[in-house]
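Enquirer: Sharing a sequence plus its predicted fold:
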Amino acid sequence: MHRMKYSFATAVVSMGLLLGCWKGRVALFQAGDPDPVQVYPVSITLLPPADQKALEDKIAIGSAAELTTLLEDLLS
């Protein structure tokens, strides 16, 4: 039996991940699930208002590269 290997990038797109906020922190969600997959140690109150609003509305993640870029911007 041949097993298919999936990359992280494939998983990101197929899972429908969203970057948002949870209990005042930056968090990663799977679409349709109210509980985060991952919570990051960044309070959204430390971010510019435009970023706070985008996270409150949730940002759809289209690729692993996009997720990496967004996290680097928000966590730095």
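Expert: Cool, the structure landed. Residues are numbered from 1 along each chain as shown.

Enquirer: All the strands of the protein, in order from the start?
Expert: Ranges of strands within the chain are 17-22, 25-30, 36-43, 59-60, based on DSSP state E.

Enquirer: count of residues packed around the residue nearest to Ala60 when sequence neighbours are not counted?
Expert: Nearest non-adjacent residue to Ala60, counting by CB to CB, 6 or more residues apart in numbering: Leu18, 5.8 Å away. In short, each C-beta sits where N, CA and C put it, glycine included. Using other CB atoms under 10 Å, Leu18 has 20 neighbouring residues.

Enquirer: Show the contacting residues for Leu18.
Expert: Residues in contact with Leu18 (CB atoms under 8 Å, 6 or more residues apart in numbering) are 28-31, 58-61.

Enquirer: ok, now how distant is it from Phe29?
Expert: 5 Å (CB to CB, to the nearest Å).

Enquirer: Can you check which residues contact both of these two?
Expert: Counting by CB under 8 Å, 6+ apart, the residues touching both Leu18 and Phe29 are Lys58.

Enquirer: could you say what helices and strands the longest helix seen in the chain packs with?
Expert: Longest helix of the chain, by residue count under DSSP state H: helix 64-75. Applying 3 or more CB pairs under 8 Å, 6 or more residues apart in numbering; DSSP states H and E, one finds that helix 64-75 contacts helix 8-15, strand 17-22, strand 25-30, strand 36-43.

Enquirer: If anything else comes up later, I'll come back, but that's it for now.
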